[in-house]
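Chemist: Output the structure for:
(2 chains)
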There are 2 protein chains.
Amino acid sequence: MRSPEALRGLVESYLGELALTPQLGGLAESMRYALLGGKRIRPVLCLATGEAAGAEVEAVLPAAAALEFVQAFSLVHDDLPALDDDAVRRGRPSTHVEFGEAVAVIAGDALLAEAFRLALAYPTPAVAGELAGATLGMIGGQYLDVTGQHGDRARLDRLKTGCLFDAAVGCALWVAEVPELEQGPWRAFGAELGPIFQLVDDILDGDGVVLSHGEEEARSLAEQATERALARLEAVEADTSVLAEIVAGLAVRTS
Amino acid sequence: MRSPEALRGLVESYLGELALTPQLGGLAESMRYALLGGKRIRPVLCLATGEAAGAEVEAVLPAAAALEFVQAFSLVHDDLPALDDDAVRRGRPSTHVEFGEAVAVIAGDALLAEAFRLALAYPTPAVAGELAGATLGMIGGQYLDVTGQHGDRARLDRLKTGCLFDAAVGCALWVAEVPELEQGPWRAFGAELGPIFQLVDDILDGDGVVLSHGEEEARSLAEQATERALARLEAVEADTSVLAEIVAGLAVRTS
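Modeler: Model prediction:
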């Protein structure tokens, strides 16, 4: 079993060497720019799940990369002036600041389409199907966000953040050919990860649950979610030690 | 064999009754708006190809609808202020004028993701794979367009218009389970359709080839492409009468 750090290294190499569709031409530069500097949490989780479920890590890489492409697509479009209007992303100018708004719109589109091309490298359409469902959920969350429907914050977070974490586990299960009837315990584990990530995000940014319930309550909720995730892992019949390490890392991350 | 008009009716009913992903919530309204009023040329072509190749028309509908979703996605994003800045589309306010720019960006994203969900309804990932390739080519053409690289107009048209026509034929072949080795003659036919459509578009709009070579030359090129398409159809071993009717209609369309 490879460590989370080793898996992260694999993701970086794979993303760095990955050939994009030739017809995209010069657009590839802005797409690669948008992919730089991510923490690779979702792809690492996908690889670790796949390895724990019995797949070769290398076989999981296209699915893992597809998740990172979807994540990058969503950030490029979220940052646009008409949406969150964020000029800085990961300490660098946002894609639309660096390449202009028109290129940023279509770079986001191309990242999404390439994500599906990657997920379609498998003989089963289930990997790409998992990705499509998660992407649509994520966009539904983004819609609640841009239209100011923050009333149900939990639902918004569930869609915007949770769906792609669910898919990180789900895509790996399909690649590892875990039968649908045996996926339940794995998916129950996956469903706890979005909340951990989001709660820690709120604590780091001082918003969301921290604003509504205070930092102490947010920390307590994050601890409970972490304990639940670890308990769910116990119910999975496999060596889930690396996944437990990833959960622990999620709970204490500082960036 | 159903007539092009009957097939168009099927597409309209299917699109009208199609359930969108529930998590998209209120975003569905803008997506349906963006789907209104199209000529449905690509889905009709897809259905006719599928039926000629031996598939049940009903089985081809999800793939045909997926093509129309990709077309709608591309128009919504093309019309954005940062790109073509078109306030009117199909005689009505563009999606961003009607719903605002933020909603238009994510409505386009959702149309693209739903297109993949539709194309993933098949047991083979080849339908969605065909769609992914075409979408990426189309985006490559859009990049040449927004960055003003019009030098090679033929390449731009080939990517922006041709790819999705190719996929209309290609998706239908996968649904009809035409073996890859037998797809050649069908695909040779499909490759002539983008140019016919684009040349007639240029004639109707008085731009493109009409500006560079004059209307007479454009009409002559369109006629030649139409003759080539009909000749290619002759090489296909199937009842291609409805496809011939569609080609004839493409060549003489007035809107």
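Chemist: which of the residues in the lowest-mean-pLDDT helix or strand in chain A are buried?
Modeler: Taking mean pLDDT, DSSP states H and E as the measure, the helices and strands of chain A show their lowest mean at helix A:153-157, namely a mean of 86. When burial is assessed from 16 or more other Cβ atoms under 10 Å in any protein chain shown, helix A:153-157 yields the following buried residues: A:155-157. Bear in mind the C-beta positions are built from the backbone N, C-alpha and C, glycine included.
Chemist: How about stretch A:135-151?
Modeler: So, applying 16+ other Cβ under 10 Å, buried residues of stretch A:135-151: A:135-147.
Chemist: Could you give the separation of the helix or strand hosting A:Arg42 from the chain centroid?
Modeler: For A:Arg42, the enclosing helix or strand under DSSP states H and E is helix A:41-52. Relative to its parent chain, helix A:41-52 has a centroid offset of 11 Å by Cα atoms, centre = their mean, to the nearest Å.
Chemist: Run through the neighbouring helices and strands of it.
Modeler: In this structure, helix A:41-52 makes packing contacts with helix A:4-17, helix A:57-78, helix A:163-175, helix A:184-205, helix A:241-252, judged by 3 or more Cβ pairs under 8 Å, 6 or more residues apart in numbering or on different chains; DSSP states H and E.
Chemist: between that helix and helix A:241-252, how many degrees?
Modeler: 160 degrees (axes from the mean of the first three to the mean of the last three Cα atoms, to 10 degrees).
Chemist: So which of the buried residues of stretch A:135-151 sit within helices?
Modeler: Judged by DSSP state H, these include A:135-146 as members of helices.
Chemist: Could you measure from A:Glu223 over to A:His150?
Modeler: Computed as Cβ to Cβ, to the nearest Å, the A:Glu223 to A:His150 distance reads 25 Å.
Chemist: Please disregard the earlier target; I meant A:Ile106.
Modeler: Per Cβ to Cβ, A:Ile106 is found 29 Å from A:His150.
Chemist: Same check on A:Ser220?
Modeler: A:Ser220 sits at a distance of 22 Å from A:His150 (criterion: Cβ to Cβ).
Chemist: got it, and A:Ser94?
Modeler: Using Cβ to Cβ, A:Ser94 is found at 23 Å from A:His150.
Chemist: likewise A:Asp85?
Modeler: The separation that A:Asp85 has from A:His150, given Cβ to Cβ, amounts to 17 Å.
Chemist: and if you look at A:Val209?
Modeler: Spatial separation of A:Val209 from A:His150 under the definition Cβ to Cβ is 12 Å.
Chemist: same question, A:Glu192
Modeler: The separation that A:Glu192 has from A:His150, given Cβ to Cβ, amounts to 23 Å.
Chemist: Repeat that for A:Gly50.
Modeler: Between A:Gly50 and A:His150 the distance, using Cβ to Cβ, works out to 35 Å.
Chemist: Return the distance of the helix or strand hosting A:Glu130 from the chain's centre.
Modeler: In this assignment (DSSP H and E), A:Glu130 forms part of helix A:126-146. In terms of Cα atoms, centre = their mean, the gap separating the centre of helix A:126-146 from the centre of its chain is 11 Å.
Chemist: tell me the angle it makes with helix B:126-146.
Modeler: Computed by the same axes, to 10 degrees, the angle between helix A:126-146 and helix B:126-146 is 50 degrees.
Chemist: is chain B contacted by helix A:126-146?
Modeler: Yes - using Cβ under 8 Å from any Cβ of the partner chain, we find that helix A:126-146 touches chain B at A:128-129, A:132-133, A:135-137, A:139-144, A:146.
Chemist: again, but for stretch A:158-170
Modeler: Yes - part of stretch A:158-170 sits near chain B under the criterion Cβ under 8 Å from any Cβ, namely A:159, A:163.
Chemist: for that stretch, what is the average pLDDT?
Modeler: Stretch A:158-170 shows a mean pLDDT of 96.
Chemist: Tell me how far that stretch lies from the chain's centre.
Modeler: For stretch A:158-170, the separation from the chain centroid amounts to 7 Å (computed by Cα atoms, centre = their mean).
Chemist: Please identify the buried residues of that stretch?
Modeler: Of the residues in stretch A:158-170, those with enough neighbours to count as buried (16+ other Cβ under 10 Å) are A:158-170.
Chemist: again with stretch A:5-19
Modeler: Of the residues in stretch A:5-19, those buried by neighbour count under the rule 16+ other Cβ under 10 Å are A:7-8, A:10-11, A:14-15.
Chemist: contact partners of it?
Modeler: Residues from elsewhere that reach stretch A:5-19 (Cβ atoms under 8 Å, 6 or more residues apart in numbering or on different chains): A:2, A:35, A:40, A:43-44, A:47-48, A:57, A:61, A:64-65, A:68, A:242.
Chemist: still on that earlier bit, could I get the buried residues of stretch A:135-151 as JSON lines with distance to B:Ala251 and pLDDT?
Modeler: What follows is the buried residues of stretch A:135-151, written out as JSON lines (distance: Cβ to Cβ, whole Å; pLDDT from 0 to 100):
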{"residue": "A:Thr135", "distance to B:Ala251": "38", "pLDDT": "98"}
{"residue": "A:Leu136", "distance to B:Ala251": "38", "pLDDT": "98"}
{"residue": "A:Gly137", "distance to B:Ala251": "43", "pLDDT": "98"}
{"residue": "A:Met138", "distance to B:Ala251": "43", "pLDDT": "98"}
{"residue": "A:Ile139", "distance to B:Ala251": "39", "pLDDT": "98"}
{"residue": "A:Gly140", "distance to B:Ala251": "42", "pLDDT": "97"}
{"residue": "A:Gly141", "distance to B:Ala251": "46", "pLDDT": "96"}
{"residue": "A:Gln142", "distance to B:Ala251": "42", "pLDDT": "96"}
{"residue": "A:Tyr143", "distance to B:Ala251": "41", "pLDDT": "96"}
{"residue": "A:Leu144", "distance to B:Ala251": "47", "pLDDT": "94"}
{"residue": "A:Asp145", "distance to B:Ala251": "47", "pLDDT": "92"}
{"residue": "A:Val146", "distance to B:Ala251": "43", "pLDDT": "92"}
{"residue": "A:Thr147", "distance to B:Ala251": "44", "pLDDT": "92"}
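Chemist: ok, so of those, who is nearest A:Glu101?
Modeler: Of all the buried residues of stretch A:135-151, A:Glu101 sits closest to A:Val146, with 16.2 Å by Cβ to Cβ.
Chemist: so that closest one touches B:Asp109, yeah?
Modeler: No - assessed by Cβ atoms under 8 Å, A:Val146 is found out of contact with B:Asp109, at 11.5 Å.
Chemist: Mutual contacts of these two, please.
Modeler: Shared between the contact lists of A:Val146 and B:Asp109 (criterion: Cβ under 8 Å, 6+ apart) there are no residues.
Chemist: residues in contact with the nearest residue to A:Ala64 once chain neighbours are set aside?
Modeler: Leaving out its chain neighbours, the residue that sits closest to A:Ala64 by Cβ to Cβ, 6 or more residues apart in numbering or on different chains is A:Pro43, at 3.6 Å. Under the criterion of Cβ under 8 Å, 6+ apart, the contact list for A:Pro43 reads A:7, A:11, A:64-65, A:67-68, A:168.
Chemist: That'll do, ta.
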